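Novice: need coordinates for the following:
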Amino acid sequence: MTVHMKREIDRLKQMLISLCEVVEENLRRAVESIRQRDANLAKTVIEMDVEIDHMEVDMEEECLKILALYQPVAIDLRFIITALKINNDLERIGDLAVNLAEHSTFLAGQRQTDVPFDFDAMTEKTELMLRKSLDALVKMDSKLAYEVCADDDEIDAMDRQMQLMAQEAVHTHPEQTECLMHLRSASGHLERVADHATNIAEDVIYMIEGRIVRHKAEDYK
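Specialist: Residues are numbered from 1 along each chain as shown. Okay, here's the model as predicted:
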C-alpha cells in the first residue's frame with residue numbers, strides 16, 4: 001500500500017466511524033422521543049437527518065475516489081466495498097430514525113394506549129444489535145458480528161408479537177386505533193433497523209474473513 005493510499009483509507013475509516021456515531025445517536029434520540037412522547041426531541045432527530053445525508057454522500061464520493069485513483073486489492077479492496085455497503089445501511093437507519101420521530105410527533109399529543117407489549121424491550125434489543133454491529137466494525141471483531149446475525153430472529157419474533165397484539169387491541173379499544181397503528185408501524189421500523197444492523201454485521205464478516213454469509217443462517221451458529 002502506498003503512503004498516499006494509506007492516508008486516504010485512514011481518512012475513510014474516520015469518516016465511517018463518525019457516521020456510525022451520528023446515526024447511532026440519532027436513533028437513540030428517536031427511540032427516546034417515543035418513550036417520552038417528546039415532540040421537541042423528535043424534531044431534533046428529523047433536523048439531524050440532513051447532516052446524515054450529507055455525510056453519506058461524502059463517504060460514497062471518498063470510496064469512489066480511492067477506487068479510481070489507487071485500484072486497491074485484497075483487504076483494502078474489501079474494506080472499501082464494505083464501507084460503501086455499510087454507508088448505505090447507515091443512511092437507511094437514519095431514515096428509519098426519522099420515521100420513528102414522525103410517529104413520536106403524533107403520539108406526543110395522545111393518551112397512552114393499553115397494548116400489553118414491552119416496547120422498551122424491543123427498542124433496547126434493537127439498539128444493542130446496532131451498537132454491537134458498529135463495535136464489530138470498529139474492533140474488526142467477526143465473533144461479535146456473528147452474534148448480531150444470530151440475534152435478528154428474536155427481533156422478528158417481537159415484531160410479529162407486536163403486530164398480533166395491535167390487531168387484537170384494535171378490536172377491544174377501537175377508539176385507540178390510530179395510536180395503535182402508529183405503534184405498530186414504529187415496531188416495524190425497529191425491525192428494519194435490526195435488519196440493517198444484521199447487514200452491517202454480515203459485511204464486517206466479509207471484510208475480515210472474505211466470506212459472504214448472507215442468506216446462510218447456518219453460518220451464524
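
Novice: number of nearby residues for residue 91?
Specialist: The number of residues packed around residue 91, counting by other CB atoms under 10 Å, is 21. C-beta: built from backbone N, CA, C; applies to glycine.

Novice: so what's it up against?
Specialist: Taking CB atoms under 8 Å, 6 or more residues apart in numbering as the definition of contact, the neighbours of residue 91 are 23, 52, 53, 56.

Novice: whichever of those residues end up buried, select them in PyMOL.
Specialist: Only the buried entries of the contacts of residue 91 go into this PyMOL selection, using 16 or more other CB atoms under 10 Å:
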select buried, resi 23+52+56
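
Novice: check the contacts of residue 91 and tell me the two furthest apart.
Specialist: Using CB to CB, the contacts of residue 91 reach their maximum pairwise distance at 23 and 53, which is 11.0 Å.

Novice: what's the overlap in contacts for these two?
Specialist: When contacts are counted by CB under 8 Å, 6+ apart, the set common to residue 23 and residue 53 consists of 91, 94.

Novice: for this structure, just list every one of the helices.
Specialist: 3-36, 39-70, 74-107, 119-139, 142-172, 177-209 (DSSP state H).

Novice: so which of these is nearest residue 113?
Specialist: Once CB to CB is applied to the helices of the chain, the stretch that comes out nearest is helix 177-209, at 4.8 Å.

Novice: that older thread, would you list the helices of the chain in a markdown table and tack on distance to residue 113 and mean pLDDT?
Specialist: Output for the helices of the chain, formatted as a markdown table (distance: least, CB to CB, whole Å; pLDDT from 0 to 100):
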| stretch | distance to residue 113 | mean pLDDT |
| --- | --- | --- |
| helix 3-36 | 12 | 94 |
| helix 39-70 | 17 | 96 |
| helix 74-107 | 9 | 95 |
| helix 119-139 | 10 | 93 |
| helix 142-172 | 7 | 92 |
| helix 177-209 | 5 | 94 |
